[in-house]
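> Generate coordinates for the sequence data below:
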Amino acid sequence: MNRHTTIERLQSMSGQVEAHYDDVQEEYDYFIHQNYKLQATSNPANIRVSQYKPCLNNIKKKLASLSVDITTVQLNITEEISEHECTIHQDEKRLNMSLLMYQQCIQMIEMSEARIEECKEDEQLASVNAKYNRKISKGAKRRAILGGVISFASGIGGFIVGAVLAPFTLGGSVAVSAAYGVAAGVNISAAVINGVNASECTDRADLHESTAKELRDDIQRLEEECEKEEKEMERLMSAIDSLTRSNEELKFVRDVAFNMLKFIYESSERLQEADGVLFEVIQETDAFELVPILLASNPGCALAHIHLHELQQKWEDVNNLLRRNLRY
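Sure, this is the predicted structure:
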């Protein structure tokens, strides 16, 4: 809703009323001339009611037309104010909702940033654990391979020594072979254990690396969410600025319309007062038509002078009232 367009429309309405005020003012100028003649007359017999009644009737018609215009403008301005109030209310609801969403975006970003920091720390820990277990796994594998080679060499060596000594030891070489066999068995068991430890460390390293990757993915997702929230915040801020300006303009126009309505209402009250007094003057002027009858039967009739005085007073009352109230 364009502020300037609305104000121009309100000014146009006001201009219509002002034009009718000018029409009434023209009739009032003629009324002043007639009232001056009436106030200058001291002899009731010189009063010709037919000379004064058209002036009063014309003013009354102009006031009635002006009253209709004022009523129409009042309705239009009231409707304009109602529309502005409705729009202001809707804009304020949207504004409050946007502000709430903006605060929610801030909270979401703060939570995401805190979670990102946690994920980074966890990712670093998982990466360190993965490297450590990978290192342990490699060491265990090397020990397992070395232990297997040694056990194999020990077994073969023991057998060869036993076989060589057999002719000379008369069977004693069997004990030597057995001893080497036991040693070989111990080395093989150690190699197996090292192999198992290497497998477990590899599994743990894989698990930590998988966890680290998931955490890196979470960090990327959270950062993307933060970017989306920041863009949404920019959009909301733009909407908030626009709604704030719109709301201020709507309130400005509404206040202008309120002031116009108040002024027109006061004008209407003044015109109603003037119309009431004018009605009394018209009645008094119509009643003065009986004065010539009184004067015909009694030229010096004091009642005729009383009627003249009352008529002059009524006209002067209307004159003062219109002079005060014909302002717009």
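
> element containing Lys138?
helix 49-169 (DSSP states H and E).

> just Gln16 next, same as before
In this assignment (DSSP H and E), Gln16 forms part of helix 3-40.

> quick check, distance from the helix holding Lys138 to the centre of its chain.
21 Å (Cα atoms, centre = their mean, to the nearest Å).

> packing partners for that helix?
Judged by 3 or more Cβ pairs under 8 Å, 6 or more residues apart in numbering; DSSP states H and E, helix 49-169 is in contact with helix 3-40, helix 172-287. Where C-beta positions appear, they are placed from N, C-alpha and C, glycine not excepted.

> wait, which of those is closest to Ser98?
Proximity to Ser98 (Cβ to Cβ) singles out helix 172-287 among those, at 5.1 Å.

> and the closest one, what's its mean pLDDT?
Averaged over helix 172-287, pLDDT sits at 75.

> hmm, back to that, for the helices and strands packed on helix 49-169, give me CSV that also has distance to Ser50.
CSV is the format used below for these (distance: least, Cβ to Cβ, whole Å):
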stretch, distance to Ser50
helix 3-40, 12
helix 172-287, 10
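
> closest to Ile77 out of those?
helix 172-287 (4.8 Å).

> tell me the average confidence for the helix holding Gln16?
The model assigns helix 3-40 a mean pLDDT of 81.

> Check the offset of the regular element (helix or strand) spanning Leu311 from the chain's centre.
Using DSSP H and E, the element containing Leu311 is helix 302-325. How far helix 302-325 lies from its chain's middle: 60 Å, per Cα atoms, centre = their mean.

> And the contacts of it?
28, 31-32, 35, 38-39, 41-42, 44-45, 47, 59, 267, 270-271, 273-274, 277-278, 280-281, 284-285, 287-288, 290-291, 294-295 (Cβ atoms under 8 Å, 6 or more residues apart in numbering).

> How about stretch 64-81?
6, 9-10, 13-14, 16-17, 20-21, 23-24, 254, 257-258, 260-261, 264-265, 267-268, 271-272, 275.

> hmm, which of the residues you listed are the buried ones?
Neighbour-count burial (16 or more other Cβ atoms under 10 Å) is assigned, among the contacts of stretch 64-81, to 6, 9-10, 13-14, 17, 20-21, 24, 254, 257, 260-261, 264, 267-268, 271, 275.

> helices or strands next to the helix holding Gln16 in the packing?
If contacts are counted by 3+ Cβ pairs under 8 Å, 6+ apart, helix 3-40 sits against helix 49-169, helix 172-287, helix 302-325.

> show me what contacts Val277?
Counting by Cβ under 8 Å, 6+ apart, Val277 has contacts 314, 317-318, 321.

> make it 7 Å
317-318, 321 (Cβ atoms under 7 Å, 6 or more residues apart in numbering).

> quick one: which of those is most hemmed in?
With neighbours defined as other Cβ atoms under 10 Å, the most crowded of the contacts of Val277 is Val318; it has 21 neighbours.

> Next one: that residue from Gln51, what distance?
Computed as Cβ to Cβ, to the nearest Å, the Val318 to Gln51 distance reads 16 Å.

> ok, now Leu95?
66 Å.

> So those two - more neighbours on which side?
Taking neighbours as other Cβ under 10 Å, Leu95 and Gln51 compare with Leu95 leading, 17 against 11.

> Identify the residues contacting that one.
With Cβ under 7 Å, 6+ apart, Leu95 has these contacts: 240, 243-244, 247.

> So which of the residues you listed is the closest to His84?
Within the contacts of Leu95, the smallest distance to His84 is 10.3 Å, found for Asn247 (Cβ to Cβ).

> The closest one: neighbour count?
Residues lying near Asn247 (other Cβ under 10 Å) number 18.
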